[in-house]
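Enquirer: my questions concern the predicted model and sequence given below.
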Amino acid sequence: MSTIDWLVMTGTLATIVIYGVLKTRSVDNVKSYLLGDRDLKWWTIGLSVMATQASAITFLSTPGQAYNSGLGFAQFYFGLPIAMVILCVFVLPIYYRLEVYTAYEYLESRFDVRVRTMTALLFLIQRGLAAGITIYAPAIILSSILGWSLGLTIFLIGIVVIFYTVMGGTKAVSVTQRQQMIVILLGMVAAGVVVVSKLPEGVGMGDALNVAGSLGKLEVIDFKFDLNDRYNLWSAMLGGTFLFLSYFGTDQSQVQRYLSGKSLTESRLGLLFNGIFKVPMQFLVLFVGIMVFVFFLFAAPPVHFNTANLEKVRQSEYATELVGLEEEYKELSATTSAASTALVEALRTDDMARSSQAKAALSAAVANRDEVAEKVDALIKNVDAEAITEDRDYVFITFIINYLPIGLVGLLLAVIFSAAMSSTSSELNALATTTLVDIYRRSLVKNKTDAHYFKASKALTIMWGCVALGFAAVANLFDNLIQAVNIIGSLFYGVILGVFVVAFFFKKIGSKSVLSGALIAEAFVMLTFVATYLEMFNLAYLWLNLIGCVLTVVLAWFFSSGSKVVKRMIGVKG
């Protein structure tokens with residue numbers, strides 16, 4: 001990477017961090033540290049909410065997801081606008097009326113301290129794990145670029161985030177996220193423009209989209225009902241909506257963003273802003289991935305995008321075999337490029353027969369190239385049986401490093417690290433807030449001074465930063481990082497949402513019933529996931545959100561009054 005790129009990347013990141021610290025240097029009490037001064041405007045809230053969700057994983061994995069599978073992943077976000085409207089109508093007014101620090105405070109006023117503590121603990125477990133992954137994702141990139149050890153890279157990234165989060169609390173998170181989101185959006189637009197400009201002379205964006213469409217990459221909506229399909233319209237509108245309701249309505253990392261709003265109206269506008277603009281942003285990121293896919297139809301991609309895996313093979317007894325496969329792959333890439341050009345020309349003629357023949361030829365060329373890539377994957381497994389051969393998370397960064405002009409490489413890396421910093425900082429801030437308010441101050445250390453809790457807040461931020469670093473250090477690369485985060489969330493979000501649904505809409509159900517229902521439902525969700533992982537049956541993870549929520553509500557109702565109804569029915573029959 002060039003000196004200019006280093007200057008652009010470090011300068012952008014340093015400016016954002018220094019700005020955040022300077023803007024929040026006057027924070028000196030618990031309320032300001034945890035909630036800010038509740039003076040944020042809707043656009044800051046909206047950008048902060050988007051930045052919290054848009055981690056580095058979004059900009060590493062989502063283009064790779066589109067590269068492999070096309071635009072179908074966009075369906076995952078179709079339930080988001082629905083969730084935002086529901087939250088604005090039913091949930092935000094309650095939080096503002098009660099003036100809570102965390103979402104879980106409300107549960108004590110509705111049930112008791114046991115329900116509040118249990119729900120807070122479920123959040124702390126899942127968000128603590130997710131925070132580790134959001135650090136781990138960009139660390140993979142920087143360690144690969146610099147040749148540093150992964151552990152050292154994780155440590156350096158974590159220290160920067162912990163520093164400004166500890167210094168300024170939630171307001172530092174929010175004001176830096178606004179700048180980070182602007183950098184992210186500008187960087188992704190720049191990447192889209194560059195990848196289109198890198199297409200062969202005479203091949204425009206329209207041609208690229210026609211080629212991608214011919215290969216099925218532009219199919220967005222899948223109406224097929226399949227419980228094993230992670231991304232179809234039904235899993236998105238049902239499972240996805242429940243996931244977003246829980247994430248934005250009960251996850252403290254998001255709740256804390258809009259509780260800092262100047263008013264209920266500002267917070268509502270911020271959430272609606274997120275609901276409206278998040279889906280187009282995801283389409284932008286997916287579009288970049290599609291364009292990278294088309295680009296690598298004309299230009300030869302690596303036979304395997306994870307260079308670390310290839311280096312292991314080069315140092316092994318299979319090195320000669322790898323060289324042969326790479327030469328074969330290069331020849332097939334030339335064939336693929338020629339077939340792609342032929343398809344572009346055929347599509348311009350509107351000759352259906354010629355277009356169909358050219359499409360078949362390109363599909364065959366791509367399939368042949370993929371077969372060689374699978375042979376390389378097998379070599380990697382021969383060298384290291386534990387190696388992860390899924391390499392889609394490396395697709396976009398490979399394009400950035402090898403094909404972007406000087407200066408833009410640094411900007412796109414700043415995008416990825418800005419995203420990592422924004423999501424991780426909000427997670428650490430939320431973890432510290434929940435631990436302090438719902439566990440430490442409520443049940444462990446009561447009636448201390450504001451100064452004591454202010455210091456404790458900073459100490460807890462550091463503690464959770466260390467926990468996240470620890471998990472990041474031992475985490476391995478999942479099949480796809482963005483799926484990994486959503487899978488972890490789906491294990492807990494449904495049950496948490498179920499507790500809140502009972503709290504909001506079933507006023508006669510008490511604490512004992514909802515506590516029992518939630519614990520049983522969480523155990524069922526975990527067992528279902530394990531059974532799916534062991535391939536005892538197939539169920540896409542998004543459905544776990546719906547299952548956890550519905551099961552919690554049903555069980556809570558049963559323990560509260562349903563059992564009495566059943567007994568009466570049995571008595572009548574008897």
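Expert: Received it, and whenever you're ready, just let me know what you need.
Enquirer: show me where the stretch 451-574 of the chain has its helices.
Expert: Ranges of helices in the stretch 451-574 of the chain, per DSSP state H, counting those that start in this stretch, are 481-505, 511-533, 543-557, 563-573.
Enquirer: can you lay out those as TSV showing distance to T307, mean neighbour count and mean pLDDT?
Expert: C-beta coordinates here come from the backbone N, C-alpha and C atoms, glycine included. Conversion of the helices of the stretch 451-574 of the chain to TSV gives the following (distance: least, Cβ to Cβ, whole Å; neighbours: other Cβ atoms under 10 Å; pLDDT from 0 to 100):
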stretch	distance to T307	mean neighbour count	mean pLDDT
helix 481-505	17	24	82
helix 511-533	29	18	93
helix 543-557	35	23	92
helix 563-573	60	9	57
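Enquirer: the stretch 251-400 of the chain: helices as residue ranges?
Expert: 252-258, 264-298, 307-314, 319-349, 352-383, 395-403.
Enquirer: so which of those is nearest L497?
Expert: Closest to L497 of the helices of the stretch 251-400 of the chain, according to Cβ to Cβ: helix 252-258, at 12.7 Å.
Enquirer: quick one: low-confidence parts of the stretch 101-250 of the chain?
Expert: Along the stretch 101-250 of the chain, segments meeting pLDDT under 70 span 141-142, 144-146, 168-175, 177, 180, 227-231.
Enquirer: that one: helices as residue ranges?
Expert: Under DSSP H, counting those that start in this stretch, the stretch 101-250 of the chain gives helices at 105-110, 113-146, 150-197, 205-214, 233-234, 241-250.
Enquirer: out of those helices, indicate the one that is most buried.
Expert: helix 241-250 (a mean of 26; mean count of other Cβ atoms under 10 Å).
Enquirer: orientation of that helix relative to helix 543-557 in degrees?
Expert: Comparing the axes of helix 241-250 and helix 543-557 via axes from the mean of the first three to the mean of the last three Cα atoms, to 10 degrees yields an angle of 70 degrees.
Enquirer: give me the distance from helix 241-250 to the chain's centre.
Expert: Chain-centre distance of helix 241-250: 14 Å, with Cα atoms, centre = their mean, to the nearest Å.
Enquirer: which outside residues touch it?
Expert: 49, 53, 79-80, 82-84, 86-87, 91, 103, 119, 123, 254-255, 271, 274, 486, 489-490, 493-494, 496-497, 500, 542, 545-546, 549 (Cβ atoms under 8 Å, 6 or more residues apart in numbering).
Enquirer: repeat the analysis, applying 6 Å as the threshold.
Expert: Applying Cβ atoms under 6 Å, 6 or more residues apart in numbering, the contact partners of helix 241-250 are 79-80, 82-83, 87, 91, 103, 254, 493, 496-497, 500, 545-546, 549.
Enquirer: now do stretch 395-413
Expert: With Cβ under 6 Å, 6+ apart as the criterion, stretch 395-413 contacts 2, 4-5, 8-9, 63-64, 67, 141, 187, 190-191, 194, 198, 292, 305.
Enquirer: same question, stretch 506-518
Expert: Applying Cβ under 6 Å, 6+ apart, the set of residues contacting stretch 506-518 is 111-112, 114-115, 495, 499, 502, 552, 555-556, 559-560.
Enquirer: try 7 Å
Expert: 111-112, 114-115, 118, 495, 498-499, 502, 552, 555-557, 559-560 (Cβ atoms under 7 Å, 6 or more residues apart in numbering).
Enquirer: same question for stretch 437-449.
Expert: For stretch 437-449, using Cβ under 7 Å, 6+ apart, the contacting residues are 101-102, 104-105, 113, 116-117, 120, 453, 456.
Enquirer: redo those residues as JSON lines? Include distance to S422.
Expert: Formatted as JSON lines, these follow (distance: Cβ to Cβ, whole Å):
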{"residue": "Y101", "distance to S422": "21"}
{"residue": "T102", "distance to S422": "20"}
{"residue": "Y104", "distance to S422": "23"}
{"residue": "E105", "distance to S422": "25"}
{"residue": "V113", "distance to S422": "33"}
{"residue": "R116", "distance to S422": "28"}
{"residue": "T117", "distance to S422": "29"}
{"residue": "A120", "distance to S422": "23"}
{"residue": "Y453", "distance to S422": "26"}
{"residue": "A456", "distance to S422": "24"}
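Enquirer: list the buried residues in stretch 536-545.
Expert: 539-545 (16 or more other Cβ atoms under 10 Å).
Enquirer: kindly report the same for stretch 345-352.
Expert: Here stretch 345-352 shows 345-347 as buried, counting by 16+ other Cβ under 10 Å.
Enquirer: and which of the residues you listed is nearest to P280?
Expert: Using Cβ to Cβ, the buried residues of stretch 345-352 come closest to P280 at L347, 26.6 Å.
Enquirer: quick one: contacts for that closest one?
Expert: 210, 355.
Enquirer: what about 8 Å?
Expert: 207, 210-211, 214, 355, 358.
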